[in-house]
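Chemist: here is a sequence together with a model predicted from it:
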Amino acid sequence: MAADLNDLGAFMAVARAGGFREAARVTAGSASVLSEAIRRLETQLGVRLFNRTTRSVALTEAGAGLLARLGPALGEVEAALDVVNGFRDRPAGTLRLNVPISASRLVLPKIVPGFLAAYPAIRLEVIAEENFVDLLAASCDAGIRYDERLEQDMIAVPIGPRTQRFTTSAAPAYLDRHGRPQHPRDLLGHACVRGRFPSGVMTPWEFERDGEVVRVDTTGPLVVSIGGGVDLAIDAAIAGVGILWLFEDWVRPHFESGVLEPVLEPWWQEFSGPFLYYPGRRLVPAPLRAFIDYIKTPAGHW
């Protein structure tokens, strides 16, 4: 049974976006056109792919099964078309990246404008989330993660700053009231703003000085989701709620303005920068190859 590729593409867009309006926004299309394509596909297949209400759209069991198999298959179709695209003078097509929110805020803004100016025929789609996803199942060409979270069969290319630091900081008024910690273990007597991963894990705060590593399970009145809750955490720290532990690049502007004061700076731990990663088993699509080449140039290199 043959199905129209455009209808299958509409199914993938709605499934990924979780609704017709959001899918229309992402694809710059029409919700009514997407809805008609889904109806046409369901009629042709003889099964319902989505359960629809006035408030939500959810995959049926059949729809979930189709999504699991269709994502990698359409990825292979796009890769095949990229073979032809590689013969063009300028790479064209869509590049889909799955990245943590920190990379979308701290790494990509210095790369994306120049890349899109250099390759005007490429459309970049960035999915920012903290969950570690299967790139093929999510129909993404590549992702950005830190080396400790990379799978062994992935090819990794450095992107962004090669070293970063975790910092601790607080509002000067908070430190005036509660004192300035002199050792990481002093944090046990302070209110701290914590972060939780989507998995539910709350990692201890880690510090290092002269080869000594100290891990502290801090506590405090506020816990936010890592990534999406960072702005709230920063605002709360500025307001004097407690001590914050976060990437240096994220809080550096607040150090410079004076609303946050560095704490325990000699103990700040360095860690390696992020990597662009992609499956080693597949042909590299032309838009991804262009992106890899760009981040190796002085314009795209930190």
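Modeler: Thanks, I have the structure now.
Chemist: do a quick rundown of the helices in the stretch 201-302 of the chain.
Modeler: Secondary structure of the stretch 201-302 of the chain by DSSP state H, counting those that start in this stretch: the helices cover 230-238, 248-257, 286-295.
Chemist: pick the most buried one from the ones you listed.
Modeler: Among those, the stretch with the highest mean neighbour count (mean count of other C-beta atoms under 10 Å) is helix 286-295, at a mean of 21. To be clear about C-beta, it is placed using only N, CA and C from the backbone, and glycine gets the same treatment.
Chemist: give me the contact list for it.
Modeler: 82, 85-86, 88, 91-95, 111, 114-115, 118-119, 122, 141-142, 157, 159, 276, 278, 284, 300-301 (C-beta atoms under 8 Å, 6 or more residues apart in numbering).
Chemist: and the residues you listed, which are buried?
Modeler: Of all these considered here, the ones buried according to neighbour count by 16 or more other C-beta atoms under 10 Å are 82, 85, 91-93, 95, 111, 115, 118-119, 122, 141-142, 159, 276, 278, 284, 300.
Chemist: returning to what we had before: residue 166: which of the helices of the stretch 201-302 of the chain is closest?
Modeler: Closest to residue 166 of the helices of the stretch 201-302 of the chain, according to C-beta to C-beta: helix 248-257, at 7.4 Å.
Chemist: keep only those of the buried ones among the contacts of helix 286-295 that are in strands.
Modeler: In strands, judged by DSSP state E, the following of the buried ones among the contacts of helix 286-295 are found: 93, 95, 122, 142, 276, 278.
Chemist: nearest spatial neighbour of the first one, skipping sequence neighbours?
Modeler: Counting by C-beta to C-beta, 6 or more residues apart in numbering, residue 287 is the residue found nearest to residue 93 once chain neighbours are left out, at 4.8 Å.
Chemist: how close does the one you found get to residue 143?
Modeler: Distance of residue 287 to residue 143, given as C-beta to C-beta, to the nearest Å: 15 Å.
Chemist: swap in residue 31?
Modeler: Distance from residue 31 to residue 143, counting by C-beta to C-beta: 29 Å.
Chemist: quick one, which of these two is more surrounded?
Modeler: residue 143 (25 against 15; other C-beta atoms under 10 Å).
Chemist: who does that one bridge with?
Modeler: residue 98, residue 277 (DSSP bridges).
Chemist: mind checking pLDDT for it?
Modeler: Model confidence at residue 143, given as pLDDT, is 91.
Chemist: before we move on, what about the one 5 residues further on?
Modeler: Among the per-residue scores, residue 148 shows a pLDDT of 60.
Chemist: cool, residue 26 as well?
Modeler: As summarised for this prediction, residue 26 has a pLDDT of 69.
Chemist: kindly report the same for residue 54.
Modeler: Looking at residue 54, the pLDDT reads 68.
Chemist: could you do residue 83 as well?
Modeler: For residue 83, the pLDDT comes out at 65.
Chemist: so where's this structure uncertain?
Modeler: In the prediction, the chain carries residues with pLDDT under 70 at positions 1-3, 26, 28, 54, 81-89, 132-134, 136-137, 147-152, 281-282, 302.
Chemist: just the angle for the longest helix along it relative to strand 93-99, thanks.
Modeler: In the chain, with assignment by DSSP state H, the single longest helix is helix 61-85. Here helix 61-85 points in a direction 120 degrees away from that of strand 93-99 (axes from the mean of the first three to the mean of the last three C-alpha atoms, to 10 degrees).
Chemist: list the buried residues of helix 61-85.
Modeler: 63, 66, 67, 70, 71, 74, 75, 78, 79, 82, 85.
Chemist: now render the residues you listed as JSON lines, adding distance to residue 46.
Modeler: Compiled in JSON lines, the buried residues of helix 61-85 are given as follows (distance: C-beta to C-beta, whole Å):
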{"residue": "63", "distance to residue 46": "13"}
{"residue": "66", "distance to residue 46": "13"}
{"residue": "67", "distance to residue 46": "17"}
{"residue": "70", "distance to residue 46": "17"}
{"residue": "71", "distance to residue 46": "22"}
{"residue": "74", "distance to residue 46": "21"}
{"residue": "75", "distance to residue 46": "26"}
{"residue": "78", "distance to residue 46": "27"}
{"residue": "79", "distance to residue 46": "30"}
{"residue": "82", "distance to residue 46": "33"}
{"residue": "85", "distance to residue 46": "35"}
